[in-house]
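A.B. asks: sequence and computational prediction follow.
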Amino acid sequence: MAYAFSRDGAMPFSSVWHKVNEQEVPINAVWLSTFIALCMARWAAWWRTFQAMVSIATIGLYISYALPILFRVTLARKHFVPGPFNLGRYIVLVGWFAVLWVATITVLFSLPVTYPVTTDTLNSTPVAVVLS
């Protein structure tokens, strides 16, 4: 993602991050991603923090996939022009299944992973997702 964003000029110092080496590997973007991941891992020394970061990232990614699908099966149902590959008459069924699946896993990733629930084991993911 760092390479794609920098290639499109959407990141600070894009000219640095989108360069590729002789094997066409965006090595600067790889090192940037590695550095950010290590910083996050250092910050996530506590299990609860790591768990919340992974849950928030997963929920955010799935919601970003589900929103266009939801808009496709609701708002754009009559005006959408299908491309060469499409699901035909099953598009609405598959679309609603995908949206319901994302809603289900959003709830599941928001649940605490250990019981009994205390202030130490409480999953703070729902608060972060709602605030973002």
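C.D. replies: Nice, thanks for sending it over.
A.B. asks: every contact and neighbour count from this point should use C-alpha atoms.
C.D. replies: Will do.
A.B. asks: look through the chain and tell me its longest helix.
C.D. replies: helix 47-73 (DSSP state H).
A.B. asks: check which residues of that one are buried.
C.D. replies: 48-53, 55-56, 59, 62-63, 66, 69-70, 72-73 (16 or more other CA atoms under 10 Å).
A.B. asks: and that helix, what does it pack against?
C.D. replies: In terms of contacts (3 or more CA pairs under 8 Å, 6 or more residues apart in numbering; DSSP states H and E), helix 47-73 is packed against helix 91-110, helix 125-131.
A.B. asks: would you mind writing the CA trace of stretch 114-125 as PDB?
C.D. replies: The C-alpha coordinates for stretch 114-125 follow below in PDB (Å, rounded to 0.1, in the frame of the first residue of the first chain):
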ATOM      1  CA  THR A 114     -10.900 -13.800  27.300                       C
ATOM      2  CA  TYR A 115     -13.400 -14.200  30.100                       C
ATOM      3  CA  PRO A 116     -14.300 -13.000  32.600                       C
ATOM      4  CA  VAL A 117     -14.300  -9.500  31.200                       C
ATOM      5  CA  THR A 118     -12.400  -7.100  33.400                       C
ATOM      6  CA  THR A 119     -10.900  -3.700  32.800                       C
ATOM      7  CA  ASP A 120      -7.700  -5.500  31.800                       C
ATOM      8  CA  THR A 121      -9.400  -7.900  29.300                       C
ATOM      9  CA  LEU A 122     -11.900  -5.500  27.900                       C
ATOM     10  CA  ASN A 123     -11.700  -5.100  24.100                       C
ATOM     11  CA  SER A 124     -11.400  -1.400  23.200                       C
ATOM     12  CA  THR A 125     -11.900  -2.000  19.500                       C
END
